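Colleague: this one's sequence-less:
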């Protein structure tokens with residue numbers, strides 16, 4: 001078994017019904033050594049966790065991404081014309097979502113730690129399902145603008161919450177595969193969105209409503225139904241997981257608690273548990289951490305193309321000369337292929353214990369795809385370019401989320417740090433919402449060029465992060481070899497989190 005593990009973010013809900021069980025699991029884990037769990041089948045435990053956690057999270061995120069991106073499908077079914085909006089007004093409706101989305105991500109992640117995930121996540125799902133349903137009855141630009149604003153507020157906690165939730169269960173050398181399986185639901189949502197929109201649009205005229213309205217109404221109602229099921233199907237924390245035995249719970253807690261440390265057998269490093277108690281200093285540390293802000297450029301290099309593709313892909317394909325129904329269907333193979341390759345890439349990334357080679361390769365694919373799209377007028381070449389770009393986006397996104405979470409130690413710092421990355425990073429969606437202007441059709445040279453620029457900046461930032469992590473790891477190893485570790489107690493090292501001499505950055 002590997003000894004590079006990371007502590008799950010344990011919410012301070014000891015007063016809940018499961019508080020006693022959580023204390024028992026935590027206490028048992030702190031009294032054990034890794035060798036004392038050697039008789040347990042780690043792979044069997046992971047399979048049990050996968051079966052009970054990943055499908056439900058994937059379904060939640062599929063609905064989230066479906067609901068936020070279906071406006072692109074609604075547009076080519078007549079939304080803009082029926083609401084008498086200009087192309088600039090349509091872009092503003094796309095943009096406003098990301099400002100409210102970004103503003104509420106950090107508070108939501110902190111609440112997730114302090115409340116039970118099985119209550120918090122379904123609650124915000126009900127909220128955005130209701131908003132999505134009401135989008136189907138808006139009558140003008142201002143109504144759609146208001147709905148998109150509140151949709152951002154409601155959806156803000158879902159993706160960062162689920163991504164962080166997974167770090168409460170899985171170690172950092174296992175997390176990308178699970179992130180990819182969960183996030184690939186977004187890719188499936190893209191494919192499903194095209195198929196679903198194609199079918200729902202046939203309801204045009206039913207009940208006196210246009211087809212695009214039914215897209216919002218039916219997908220919103222589906223979200224509410226699944227949300228109520230999630231109240232009963234989501235598990236909270238490893239410490240209270242009823243599908244694990246008491247000893248298995250202690251093992252899961254232990255391996256998470258002591259991950260991310262230097263090899264103690266080589267360097268004589270003391271065992272340091274990651275801090276999990278709440279203190280505002282951990283939130284402040286997250287806002288002041290250089291690696292989060294450096295990673296932001298990597299994130300933008302992936303997420304700007306992601307939202308450009310998800311919001312405008314049907315329109316881009318339609319403007320290549322295809323009718324609406326064909327444009328919807330041509331998005332399907334792109335998303336399905338991207339989903340499969342995202343999982344394959346994540347498997348090998350976890351297998352070799354590296355993040356940066358895969359993230360950097362994915363960004364290079366994004367760059368190649370946009371170069372093809374911007375340099376040709378041939379519909380087949382443009383379609384191929386978008387195809388290659390999508391493959392790079394979905395594989396790279398999951399890898400980058402896992403990369404940063406691997407390098408943030410301490411439950412509350414990781415909670416805040418991941419929310420900052422995803423929240424501020426998703427402002428890239430606000431940028432991308434305005435890249436593809438209607439007047440630039442059909443080639444969209446400006447949009448492709450801007451996406452190309454962000455991807456190039458992300459590539460540079462990723463390379464700088466790798467060199468920085470290598471330098472810091474070598475420096476810490478040198479200080480330890482010179483006896484510098486004796487200046488700190490285990491408690492002080494625990495409070496330092498990923499800044500401790502014993503912590504090693506993953507790259």
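Modeller: The structure has been received and is ready for your questions. All values derive from a computational prediction rather than experimental measurement.

Colleague: what pLDDT, on average, does stretch 142-161 get?
Modeller: Across stretch 142-161, the average pLDDT comes to 91.

Colleague: typo on my end, it should be stretch 112-119
Modeller: Mean predicted confidence for stretch 112-119 is 84.

Colleague: Also stretch 218-227?
Modeller: Per-residue pLDDT over stretch 218-227 has a mean of 93.

Colleague: Which residue, other than its chain neighbours, is closest to residue 291?
Modeller: Distances taken as C-beta to C-beta, 6 or more residues apart in numbering put residue 407 closest to residue 291, at 6.1 Å, once the chain neighbours are dropped. C-betas here are computed from N, CA, C, even on glycine.

Colleague: Confirm residue 228 sits in a strand?
Modeller: No: read with DSSP: H, G, I helix; E, B strand; the rest coil, residue 228 is helix and lies in no strand.

Colleague: how much space between the residue nearest to residue 291 and residue 304?
Modeller: Look at residue 407 and residue 304: by C-beta to C-beta, to the nearest Å, they are 23 Å apart.

Colleague: Who has more neighbours out of those two?
Modeller: A direct count of neighbours by other C-beta atoms under 10 Å for residue 407 and residue 304 places residue 304 higher, at 30 against 25.

Colleague: I figured the more buried one hits residue 430, correct?
Modeller: No: counting by C-beta atoms under 8 Å, residue 304 stays clear of residue 430, with 9.7 Å between them.

Colleague: just the helices in the stretch 301-450 of the chain please.
Modeller: Secondary structure of the stretch 301-450 of the chain (DSSP state H, counting those that start in this stretch): helices located at 324-352, 356-375, 379-406, 411-425, 427-432, 445-481.

Colleague: can you state the direction angle for the last one and helix 379-406?
Modeller: With axes from the mean of the first three to the mean of the last three C-alpha atoms, to 10 degrees as the criterion, the two stretches helix 445-481 and helix 379-406 enclose an angle of 30 degrees.

Colleague: helices or strands up against helix 445-481?
Modeller: On a contact count with 3 or more C-beta pairs under 8 Å, 6 or more residues apart in numbering; DSSP states H and E, helix 445-481 meets helix 264-267, helix 290-318, helix 356-375, helix 427-432.

Colleague: List the contacts of the third one.
Modeller: Think helix 356-375. With contact meaning C-beta atoms under 8 Å, 6 or more residues apart in numbering, helix 356-375 is reached by 298, 301-302, 305, 345, 348-349, 381-382, 384-393, 395-396, 399-400, 403, 443-445, 448-449, 451-452, 455-456, 458-459, 462-463, 465-466, 507.

Colleague: Among those, the buried ones, what's the PyMOL command?
Modeller: Of those, the buried ones go into a single PyMOL selection, burial set by 16 or more other C-beta atoms under 10 Å:
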select buried, resi 298+301+302+305+345+349+382+385+386+387+388+389+390+391+392+393+395+396+399+400+403+443+444+448+451+452+455+456+458+459+462+465+466+507
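
Colleague: Would you map the helices across the stretch 101-250 of the chain?
Modeller: 105-114, 117-135, 141-155, 158-167, 175-200, 211-233, 246-257.

Colleague: Can I get the ones you listed in TSV including distance to residue 64?
Modeller: Formatted as TSV, the helices of the stretch 101-250 of the chain follow (distance: least, C-beta to C-beta, whole Å):
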stretch	distance to residue 64
helix 105-114	13
helix 117-135	7
helix 141-155	6
helix 158-167	5
helix 175-200	8
helix 211-233	8
helix 246-257	26
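
Colleague: okay, now the closest residue to residue 218 other than its chain neighbours: neighbour count?
Modeller: Nearest non-adjacent residue to residue 218, counting by C-beta to C-beta, 6+ apart: residue 200, 5.9 Å away. For residue 200, the count of nearby residues is 23 (other C-beta under 10 Å).

Colleague: Against residue 298, how distant is residue 200?
Modeller: In terms of C-beta to C-beta, residue 200 sits 36 Å off from residue 298.
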